[in-house]
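Novice: Okay, predicted coordinates and the sequence, questions at the end:
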Amino acid sequence: MAERWTIARGIGGTTNSYIAVAALSSSDGLVGQASDEEILSAQRDLATEGLLVEPAAAASRAGLRAVARRGELPPGQRIVPVSTSGGLKNMDALQMAIPEPRLVPPASAAILDLNREAAYRIQPRSVYE
């Protein structure tokens, strides 16, 4: 399997790639290839849902979106995108994907205001978007 550079450094032609191909073959599964930009977008979306994952873990969401765009999701099936790595594992990619946090005073009122503001910004959406 040819190695190629990707922001999702845990999946670019490593031993994990061989394990993934074996799992794909034995499960009659589908695969969706995503660009680094799509992976970083999925990482940001997962962060808005409270999940801090590294790009290799966000690749499952990005790949699911690619399969959905191709219209290949089987109807009536349970789909489980696996994401197993935390976002602190790859800090370089995290800094590229997530905007710089806003500093707030360490006072409960300021933190509550920030939480209320965030709750208004987060809009539920399908994982396939």
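Specialist: Sure thing, it's come through.

Novice: which sections of the chain are below the confidence cut-off?
Specialist: 1-3, 12-16, 94, 97-99, 118-129 (pLDDT under 70).

Novice: can you map out the helices along it?
Specialist: 15-27, 36-48, 55-69, 91-97, 108-121 (DSSP state H).

Novice: of the ones you listed, which approaches S85 most closely?
Specialist: Among the helices of the chain, helix 55-69 comes nearest to S85, with 4.4 Å by Cβ to Cβ. For every residue, glycine as well, the C-beta is placed using N, CA and C.

Novice: residues contacting the nearest residue to A20 once chain neighbours are set aside?
Specialist: Closest residue in space to A20, ignoring its immediate chain neighbours: I11 at 7.2 Å, by Cβ to Cβ, 6 or more residues apart in numbering. Neighbouring residues of I11 by Cβ atoms under 8 Å, 6 or more residues apart in numbering: S17, A20, A56, A59.

Novice: Just put those residues in a markdown table and tack on distance to T84 and neighbour count.
Specialist: A markdown table is the format used below for those (distance: Cβ to Cβ, whole Å; neighbours: other Cβ atoms under 10 Å):
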| residue | distance to T84 | neighbour count |
| --- | --- | --- |
| S17 | 15 | 15 |
| A20 | 12 | 16 |
| A56 | 9 | 24 |
| A59 | 11 | 27 |
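
Novice: Can you report how many residues lie near the residue lying closest to S41 once chain neighbours are set aside?
Specialist: The spatial neighbour of S41 that comes closest, neighbours along the chain excluded (Cβ to Cβ, 6+ apart), is A62 at 7.1 Å. When counting by other Cβ atoms under 10 Å, one arrives at 25 neighbours for A62.

Novice: What of L73?
Specialist: 15.

Novice: again, but for R44
Specialist: 13.

Novice: Please apply the same query to E37.
Specialist: E37 has 11 nearby residues by other Cβ under 10 Å.

Novice: Begin at 243 from now on, thanks
Specialist: With 243 as the first residue, the last one maps to E279.
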